[in-house]
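Asker: next input, structure requested:
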Amino acid sequence: MTQDVTPTPATKADNLDDFLGVQPEKPWRKWIKWGVIGIALILLLLLLSRCFGEGDQPNYSTRAVRKGDLTVTVSATGNLKPINQVDVGSEQSGKITQVFVDVNDRVTKGQRLAELDTRRLNDAVTQNRSQVAAADAGVAQANAAAALAKATLDRQLNVFQLSGGRVPAKTELDSARANYAQALAQVRSARAQVSVSQAQLSVAQTNLQIAQIVSPVTGVVLSRSIEPGQTVAASLNAPVLFTIAEDLKQMEVEVSVDEADVGQVADGQEATFAVDAFPGRSFPARVNRVNVGSNASSASSSTTAATTTNTVVAYTAVLSVNNNDEILRPGMTATADIVTKRLQDVLLVPNAALRFKPDQGGKSGGGITSQLVARPRRGNRATQQVNFGFGSSQTVYIVGEDGKPQAVNVVIGDSDGSRTVIQSGNLKEGARVITGQLAAGQEQPPERDEAGGGQRRKRDGGQPAISPAAPAAPAGNSSAPVAATTPAPDRRSSAAPAPSAPTPPGGQRMRDMTPEQRRAFMESLTPEQREEMRARREARRAQREANGE
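Answerer: Numbering: from 1, shown residues only. Modelled structure (predicted):
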């Protein structure tokens, strides 16, 4: 008799382990797995409780309000140029037989630079000299004929008087008079022919002279575009053979000033500029003039849907530069800072304090991500992107007795991009204003002198330019994150990055572009994009200086 046995789950598991040849899992290993999971959950709960517990009482980064000096500058880019640059051409067509100078050679006024083939010109001079001699002989012959005609007329008049008018006949007397007048006309014609021949000789001699190409000024040869044996054709326009700079010890920087800043720039203002060839070195300059006419350029961007055209209006300012050591060269790209104001012993507040806006209700908010990532509080985005206009009313915050931000209304003045003048308000020297919110576990950054911070730019109406630690979002992009407000001594702020500045077409580097290409590219950018590029360049330069490069 067969008895049916229903297998239990444990029996099935044992049979499956036997079938697969696998040893059954030991019970203590299961306890270890559950123990590890439990410990992880406990640690996670502790971390969450600590984060949210500290969020109720946020810590803030603060800076002291101090009195000091402020230098307001306007930034502009351009190129170095000689004060007087002369293009030397050829008025005469022909073949170049000799070239006497090369690039970088110093020349004096009247020095020979090159020479054309003069064989035909010499022949022309010889021919015209012969024509002048022939014309002189024609004058002598005409004078002799005139003298003969005059003698004949005088003799007939004498006979007419002696004969009482009977001889010679009246027709003969009239003919003698006509012959004399004709002889005088021949004399005048011969003399005129002499003048024509002399003029033709002078032209031939001038052509021979200008076949010797000479320097019109004393200076340095910047470029040369001819070689011996090359043919020069000057039928329509005189071709440029040499470019000579009169004096490189005195130069100019032509910079393009944005229309928002041109009202602050005036003749005689001091300025400094830097060139890429000498990183970390600043050169003094002075504003010589600001052109009345504008330089408007357009930049278009097209898509399949629409085409957008942006017109950039700028004005040319000319800066005088002393280049006695002659290390600066024509064509170098210069970034100039024109000093528009110097303020002394004024109350200054960090721009980060003007940008800071607490969240509604004073709570940290933002979830665990905002607690774990060190970045400033954004608050209300609409109120975060404020306009630091000259004379406008702004709000800064100090830490109140309850640990919460307390608003203080102030009226601001000029700004150098890092600090702003406080014209009036309830803010006193020594007060500590909030510049940002510290993340959980983050310590208060040490105080530092912000006098050299930022780009020291002032936009129209007091709008501060972008500092390396806090790049602003381009205008019109309301969804861009607000820059960091707390400067760190050894690292950049961890704020969300602003949109990067555009790169030149084709990925070409700025240093590889011609001066015309660099100027066209810079004029195609918006003021915000140009400020961002300058800020990044200054940051890289500061990094190189810190590394001792």
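
Asker: following the strand ranked longest in the chain, which helix or strand comes up?
Answerer: Taking DSSP state E as the assignment, the strand of the chain that covers the most residues is strand 283-302. Moving toward the C-terminus from strand 283-302, the next helix or strand (DSSP states H and E) is strand 307-322.

Asker: pLDDT (mean, whole number) over that following strand?
Answerer: Average pLDDT, strand 307-322: 82.

Asker: in the stretch 201-350 of the chain, which spans are strands?
Answerer: Taking DSSP state E, counting those that start in this stretch as the criterion, the stretch 201-350 of the chain carries its strands at 212-214, 219-224, 231-232, 240-245, 250-258, 270-275, 283-302, 307-322, 333-350.

Asker: just to revisit the earlier point, let me know the angle separating the longest strand of the chain from strand 270-275.
Answerer: Comparing the axes of strand 283-302 and strand 270-275 via axes from the mean of the first three to the mean of the last three Cα atoms, to 10 degrees yields an angle of 60 degrees.

Asker: any idea how the protein splits into domains?
Answerer: Per automatic domain parsing, the structural domains of the chain span 55-68+346-546, 78-82+248-339, 87-117+211-246, 118-209.

Asker: how far away from the center of its chain is stretch 240-248?
Answerer: 23 Å (Cα atoms, centre = their mean, to the nearest Å).

Asker: report the buried residues of it.
Answerer: For stretch 240-248, a neighbour-count test (16 or more other Cβ atoms under 10 Å) marks 241-246, 248 as buried. C-beta here means a position set from N, CA and C on the backbone, and glycine is covered the same way.

Asker: and what of stretch 322-336?
Answerer: Buried positions in stretch 322-336, judged by neighbour count with 16+ other Cβ under 10 Å: 323, 328, 330, 332-336.

Asker: poorly predicted segments of the stretch 201-350 of the chain, please.
Answerer: Within the stretch 201-350 of the chain, the stretches with pLDDT under 70 are 297-310.

Asker: where along the protein do the helices fall?
Answerer: Listed in chain order, the helices of the chain (DSSP state H) span 9-20, 27-55, 119-162, 170-210, 351-355, 367-372, 381-384, 515-523, 527-546.

Asker: distance to Ala40 added to the domains of the chain, as TSV?
Answerer: What follows is these, written out as TSV (distance: least, Cβ to Cβ, whole Å):
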stretch	distance to Ala40
domain 55-68+346-546	16
domain 78-82+248-339	50
domain 87-117+211-246	73
domain 118-209	98
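
Asker: nearest to Leu46, out of those?
Answerer: Nearest to Leu46, of all these, is domain 55-68+346-546, at 13.0 Å by Cβ to Cβ.

Asker: partner residues bridging the residue sitting nearest the centre point of the chain?
Answerer: Among the residues of the chain, the one closest to the centroid is Thr77, at 2.9 Å (Cα atoms, centre = their mean). Beta-bridge pairing for Thr77 (DSSP bridges): Ser256, Thr335.

Asker: gap between it and Asn323?
Answerer: According to Cβ to Cβ, to the nearest Å, Thr77 stands 19 Å off from Asn323.

Asker: partner residues bridging the nearest residue to Arg66 once chain neighbours are set aside?
Answerer: The shortest distance from Arg66 to any residue other than its chain neighbours is 5.9 Å, reached at Leu348 (Cβ to Cβ, 6 or more residues apart in numbering). Beta bridges link Leu348 to Arg66, Val421, judged by DSSP bridges.

Asker: OK, contacts around Leu348?
Answerer: By Cβ atoms under 8 Å, 6 or more residues apart in numbering, Leu348 lies in contact with 65-68, 70, 419-422.

Asker: in ChimeraX, select just the buried ones from those residues.
Answerer: Buried residues within these, by 16+ other Cβ under 10 Å, are selected in ChimeraX with:
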select :65,66,70,419,420,421,422
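
Asker: can you redo the contacts of Leu348 as TSV with pLDDT?
Answerer: Formatted as TSV, the contacts of Leu348 follow (pLDDT from 0 to 100):
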residue	pLDDT
Val65	89
Arg66	90
Lys67	90
Gly68	90
Leu70	89
Arg419	88
Thr420	91
Val421	90
Ile422	89
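
Asker: would TSV of the helices of the chain with mean neighbour count and distance to Val408 be doable?
Answerer: Converted to TSV, the helices of the chain look like this (neighbours: other Cβ atoms under 10 Å; distance: least, Cβ to Cβ, whole Å):
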stretch	mean neighbour count	distance to Val408
helix 9-20	10	73
helix 27-55	11	24
helix 119-162	15	86
helix 170-210	15	77
helix 351-355	26	10
helix 367-372	14	25
helix 381-384	12	16
helix 515-523	17	40
helix 527-546	17	28
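
Asker: could you tell me the least trusted of those?
Answerer: Taking the mean pLDDT of those, helix 381-384 comes last: a mean of 34.

Asker: on that earlier part again, for the buried residues of stretch 322-336, which one is nearest Val187?
Answerer: Nearest to Val187 among these is Pro330, at 60.8 Å by Cβ to Cβ.

Asker: follow-up on the earlier one: which one of the helices of the chain lies nearest to Phe283?
Answerer: It's helix 527-546; of those, that one is closest to Phe283 (Cβ to Cβ) at 14.5 Å.

Asker: residues contacting the nearest residue to Phe273 once chain neighbours are set aside?
Answerer: Spatial nearest neighbour of Phe273, chain neighbours left out: Ala336 (3.8 Å); criterion: Cβ to Cβ, 6+ apart. Counting by Cβ under 8 Å, 6+ apart, Ala336 touches 75-78, 253, 255, 271-273, 285, 319.

Asker: buried subset of those, written for PyMOL?
Answerer: In PyMOL, this line selects whichever of those come out buried by 16+ other Cβ under 10 Å:
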select buried, resi 75+76+77+78+253+255+271+273+285+319
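
Asker: turn the contacts of Ala336 into CSV, columns for distance to Ala147.
Answerer: Putting the contacts of Ala336 into CSV (distance: Cβ to Cβ, whole Å) gives the following:
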residue, distance to Ala147
Ser75, 86
Ala76, 81
Thr77, 81
Gly78, 76
Val253, 75
Val255, 77
Ala271, 80
Thr272, 84
Phe273, 80
Ala285, 77
Leu319, 75
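
Asker: what's the closest of the domains of the chain to Leu48?
Answerer: Distance to Leu48, taken as Cβ to Cβ, is lowest for domain 55-68+346-546 among the domains of the chain, at 6.8 Å.

Asker: picking that back up, closest to Ile37 out of the buried residues of stretch 240-248?
Answerer: Nearest to Ile37 among the buried residues of stretch 240-248, counting by Cβ to Cβ, is Leu248 at 77.7 Å.
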